[in-house]
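> A structural model of the following input is requested.
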Amino acid sequence: MANALTVPHAVVALLLCVAGLAKLYSPAPAAAAVGVPAAAIRAFAVLELALGVWALLSASTLSSALMAGLYAAFAVAAVVLWRRGRSCGCFGSERAPASPIQSLLSAALAAVSVVCAAASPHALSWFSGRPTGTMTVLVVGTAGAVYGTVVAYSELPLLWRSWSPA
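Here you go, the predicted model:
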């Protein structure tokens with residue numbers, strides 16, 4: 001089971017890293033969305049990035065549990081922001097409005113993290129122990145899954161809004 005959960009765990013952790021880096025670079029959209037100063041968003045982004053890196057390097061039960069809690073909080077926040085008609089500020093973008101899609105994605109990522117907390121996937125170092133071809137496929141697939149999830153957070157809400165009646 002640990003082998004099967006290693007890539008999903010890496011995707012969930014890397015997504016936190018990407019989100020943290022994006023908020024460090026561009027904190028204003030998230031700050032406007034939740035009504036806090038940009039400095040608070042940057043501090044949160046550092047914590048988000050630290051948790052993602054820690055989870056990648058350790059794949060511990062605690063890091064997975066903390067990721068589950070954070071993604072569950074993101075799921076709730078997305079619903080609250082959606083009901084207020086605001087952007088979520090996800091990944092440093094003010095373009096995408098908060099939506100139920102983001103809430104569902106966050107809830108799914110929380111569920112993956114809960115399973116990982118229970119099953120103890122391998123840490124990132126496990127990738128380097130695979131044959132070169134296998135490792136390449138795993139790394140490219142993981143990167144693609146992270147990219148696809150970022151696009152889902154950023155672009156699907158815009159599509160959802162375009163299909164909704166005005």
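
> and Met1, what pLDDT?
According to the prediction, Met1 has pLDDT 79.

> once you drop chain neighbours, what's closest to it?
Ala119 (4.8 Å; C-beta to C-beta, 6 or more residues apart in numbering). Yep, even glycine has a C-beta here, placed from its N, CA and C like the rest.

> residues in contact with that neighbour?
When contacts are counted by C-beta atoms under 8 Å, 6 or more residues apart in numbering, Ala119 touches 1-2, 5.

> can you select the buried ones from the residues you listed in PyMOL?
In PyMOL, this line selects whichever of the contacts of Ala119 come out buried by 16 or more other C-beta atoms under 10 Å:
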select buried, resi 5
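
> got the contacts of Ala119 as CSV, with distance to Ala73 columns?
Below are the contacts of Ala119 laid out as CSV (distance: C-beta to C-beta, whole Å):
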residue, distance to Ala73
Met1, 26
Ala2, 26
Leu5, 22
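
> just the closest of the contacts of Ala119 to Leu47, please.
The closest of the contacts of Ala119 to Leu47 turns out to be Leu5 (C-beta to C-beta; 23.8 Å).

> just give the closest residue to that closest one, not the sequence neighbours.
Pro121 is the one closest to Leu5 (C-beta to C-beta, 6+ apart), at 3.8 Å.

> can I assume the one you found sits in a helix?
No. If the criterion is DSSP: H, G, I helix; E, B strand; the rest coil, then Pro121 is coil and not within a helix.

> thought it was touching His9?
Yes. Between Pro121 and His9 there is a contact under C-beta atoms under 8 Å: 4.1 Å.
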